[in-house]
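> Here is the input, now give the coordinates:
(2 chains)
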Protein chains: 2
Amino acid sequence: MKSLKIVALAGGVGGAKLVRGLAQVIDPKNLCVIVNTGDDFEHYGLYICPDLDTVCYNLAQIANPRTGWGRNGDTFRALQQAIILGGPDWFQLGDLDIGTHLERTRRIRSGEILSKITADFCQSWGITSKIMPMTDQVVATYLLTDQNEWLSFQEYFVKRQCQPVICKIEIRGKETAKPPKGLEKYIQDADLVIICPSNPWLSIDPILSINPIKEWLGKKVVVAVSPIIQGKSVRGPAAKLFHELGFIPSATSVAEHYQGLIQAFVIDAQDEREKKAIERCDIITLATNTLMKDDSSKAKLAYEIMNFYLMNFA
Amino acid sequence: MKSLKIVALAGGVGGAKLVRGLAQVIDPKNLCVIVNTGDDFEHYGLYICPDLDTVCYNLAQIANPRTGWGRNGDTFRALQQAIILGGPDWFQLGDLDIGTHLERTRRIRSGEILSKITADFCQSWGITSKIMPMTDQVVATYLLTDQNEWLSFQEYFVKRQCQPVICKIEIRGKETAKPPKGLEKYIQDADLVIICPSNPWLSIDPILSINPIKEWLGKKVVVAVSPIIQGKSVRGPAAKLFHELGFIPSATSVAEHYQGLIQAFVIDAQDEREKKAIERCDIITLATNTLMKDDSSKAKLAYEIMNFYLMNFA
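Coordinates of the predicted model:
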C-alpha cells in the first residue's frame, strides 16, 4: 500500500485533511495533490492562495488545528495595525501567514509562476509530496446571487459568510488556462485518483474545468469522497449550494454530480441507505466513518479508501 | 512662539527628530512637514515610504527610540517566515510596520494618492501637524557608483550599507512630478521654513527638485540645520557623499550647498570656528548644541531656532 501512487484533487480544509491522511498511509513522495486556485485573490496588495496554503500548512503540520486553515500559534499584529488605519477586517491575515504571502507576492511580481513558487515553498516546509496549483494562469470563481450581483469567491465565502442565495457559478479564465507542466505525467503514473471531500461546485469543478485535466482523469480509476453527510455539509456551503442550484443536498447528489468521471464513491456510514441509489449510477460505494477529527481518523479514512481500491480495482 | 507657522523639509531620522522638537515648541497644528519620497520603493510587493513613516512614527511617539525608525516594540514574525521561504533579508520589516505598508499598498493599488493616504494615516495616529509627501508622483533617487552601476536608494543605503563610492546622483521622475495639492498655501502662510538636519543630497535635494517648490521657498525666510558636525555625519552617509562628490565634508560645505536658498544656518557649537566662513556667504549663523538625543534636546534645539528667527527676522 505504501508504494501506491495517488493523485488527489483538493480544495481547502476538507481536502487538506484527507491529503494529510493519505501522506500518512502511502509514501508521501508518491502523492501528488492538484489544488484549486479559483479562490485565489489579491488583498492588501498580497497574492493570496488560500487552498494551496491550507493544504501545505496541514501537510507540514504547521496549520492551526482549531480552524484547519492559517498557521498554528499565529498572531495578528500587522492586520490589527492596518485595521486601525481603516483597512478591511473581514479576511484574517496572521503574521506568520503574511510571511508566505509576502514571498509569494514578491516572486509573482518578478514574473515567476505559481507552480514553481509552490514547489520551492514545499521544499522549505519539508513537504515531500508534490503540491500543484490547478493552473499557473489566473482563474477566478465568481458567484451570481439572486440579487443579480456577481461576487468573487472570497467576497461570498468570507466577507458575506456564504449568506447570499446563489443562482449561477462562473469559473472565469478557465478557457485559456492550462494545467501546470508535469501534471499529465503524475496523472498517467497514478494508480488511483482521489477527489477529496471538498466542495464539488467551488473547489473541485474549478480544477476539472482546466482542460485537459478531466480528459486525463478519464483514463484512470477515480474515487470521490462525499463532503455531505446526512444532507448537511461537514463544513462550508456545499449542501446550501446544492439546494440553491436545484438539487437535494445528499451524498447521492454528489455522486451524480461526478457521474461519468468516478468509478467509486465513499459515503459516511450514516448514509448507508443511499448506497443502492448511488450504485444504480454504476458507481461502487464504500460506507464508512468519513469524519476526520484528528490525525489518526484522517489516516484511517485514507487507509480504508486504499483498501477499497485494492479490493476492487487492483 | 506657539503661534509661529512653520514648514519643515525632512528626510529620515535626523529630520524626524527636529520635527518632533518643533511639534513640542509650536502648536503642532501650525507645523507642515514636506517629506522626501525619493527613497520610496516596492519590496515584497509592498509600497514602502521609509521617510514618511519615520516622520509620522516619531511624531506619533510610536517609533523605536533605539533606531529612530520602525515601530517601538515591533516583532519580525512575518519577515522571518518570508526569509525561511528564501525571501530577501536586507530590509527590516516589523509586523506593526507591515500593517502600515499593507494599508498604504491597498489604497495605492486602488488608485488613491499618497498625500491623501498620509493625511488619513496621520489622523488615525493622532498627528495634528500636516505631513505631506513631496509629490504624489513616483520619483526615485538613483546613485551611480565608481563601478558604473546604478543603485536605487535602498540598494545603496540599506542593502549595500552606503559602502559604494558614488560619482553621481539622479532624481528620476522629477521633471514630470508636481507638489501635492495644498502645499503652496502652507508655504505662503509660513513664517519660517526649516531645512532639517537631513542628508542634503539624498533627502533635501529630491524635495527641492520638485518644481516649483524651490521657487515658492525663495520668497520665505529659510533656515537650515547642519547634519554634519566636526566633518562627520551625525548619522548616514552625508559626509562620505560630500567627500566623494568633491567637497570637504563640513558644516560650511552644507551651507554652501544651500547658498542662495537659505538666509540662516544652524551649526553645532563644536564647529563655531566655521561661523565666519559661512557668514561670508551672506548667511547668518547660530552655533549651538545640535545633537538631539532625547525629547528635551529636540525641543531645546527647536526652541533655539525659533528664538534665533524671532531675534533676526521677525
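> helices and strands around the strand or helix carrying A:Gln123, which ones?
Following DSSP states H and E, one finds A:Gln123 within helix A:114-124. Counting by 3 or more C-beta pairs under 8 Å, 6 or more residues apart in numbering or on different chains; DSSP states H and E, the packing neighbours recorded for helix A:114-124 are helix A:50-59, helix A:95-109, strand A:130-133. In short, each C-beta sits where N, CA and C put it, glycine included.
> OK, contacts around the residue nearest to A:Val7 when sequence neighbours are not counted?
Once flanking residues are discounted, A:Val7 sits nearest to A:Ala190: 4.3 Å by C-beta to C-beta, 6 or more residues apart in numbering or on different chains. Neighbouring residues of A:Ala190 by C-beta atoms under 8 Å, 6 or more residues apart in numbering or on different chains: A:Lys5, A:Ile6, A:Val7, A:Cys32, A:Lys220.
> Excluding residues flanking it in the chain, which one is nearest the residue with the largest distance to the centre of chain A?
The C-alpha centroid of chain A is most remote from A:Leu85, which lies 33.8 Å away (C-alpha atoms, centre = their mean). Sequence neighbours aside, B:Glu103 is the residue nearest to A:Leu85 in space, at 4.2 Å (criterion: C-beta to C-beta, 6+ apart).
> list the contacts for the one you found?
Applying C-beta under 8 Å, 6+ apart, we find B:Glu103 in contact with A:Tyr44, A:Gln81, A:Ala82, A:Leu85, A:Gly86, A:Gly87, B:Phe121.
> 10 Å - rerun?
By C-beta atoms under 10 Å, 6 or more residues apart in numbering or on different chains, B:Glu103 lies in contact with A:44-45, A:78-79, A:81-88, B:47, B:117, B:120-121, B:124.
> Could you tell me which of those count as buried?
Buried members of the contacts of B:Glu103, scored by 16 or more other C-beta atoms under 10 Å in any protein chain shown, are A:44-45, A:78-79, A:81-83, A:85, A:87, B:47, B:117, B:120-121, B:124.
> now, which of those lie within strands?
B:Tyr47 (DSSP state E).
> Would you mind checking which of the buried ones among the contacts of B:Glu103 is nearest to A:Ala299?
A:Leu79 (34.2 Å; C-beta to C-beta).
> Now do that closest one against chain B, distance only.
7 Å (C-beta to the nearest C-beta, to the nearest Å).
> and what of A:Arg160?
Distance, A:Arg160 to chain B, by C-beta to the nearest C-beta: 19 Å.
> Identify the residues contacting the spatially closest residue to A:Ile284 that is not a sequence neighbour.
Of all residues not flanking A:Ile284 in the chain, A:Ala264 sits nearest, at 5.0 Å (C-beta to C-beta, 6+ apart). A:Ala264 sits next to A:192, A:194, A:221-225, A:255, A:278, A:283-286, A:305, A:308-309, A:312-313 when contact means C-beta under 10 Å, 6+ apart.
> and if you look at A:Ala238?
A:Ala238 neighbours (C-beta under 10 Å, 6+ apart): A:11, A:14, A:162, A:197-203, A:226-228, A:232, A:249, A:253-254.
> which among these end up buried?
Using 16+ other C-beta under 10 Å, the buried ones in the contacts of A:Ala238 are A:11, A:14, A:162, A:197-203, A:226-228, A:249, A:253-254.
> Which members of the residues you listed define the maximum pairwise distance?
Comparing all pairs in the buried ones among the contacts of A:Ala238 by C-beta to C-beta, the longest separation belongs to A:Cys162 and A:Ser226, at 19.0 Å.
> how near is A:Ser233 to A:Trp201?
As for A:Ser233, its distance to A:Trp201 is 11 Å (criterion: C-beta to C-beta, to the nearest Å).
> Identify the contacts common to these two.
A:Leu241, A:Phe242.
> residue boundaries of the strands in chain A?
A:6-10, A:31-35, A:41-43, A:46-48, A:130-133, A:140-145, A:150-152, A:166-172, A:192-195, A:222-225, A:228-229, A:232-233, A:264-268, A:284-288.
> And those strands, which one averages the lowest pLDDT?
Note on these: lowest mean pLDDT is at strand A:232-233, with a mean of 93.
> which non-adjacent residue is nearest whatever residue of the stretch 101-250 of chain A ends up closest to chain B?
Residue nearest to chain B within the stretch 101-250 of chain A (C-beta to the nearest C-beta): A:Thr105, separated by 3.6 Å. Excluding the flanking residues, the one nearest A:Thr105 by C-beta to C-beta, 6+ apart is B:Gly45, at 3.6 Å.
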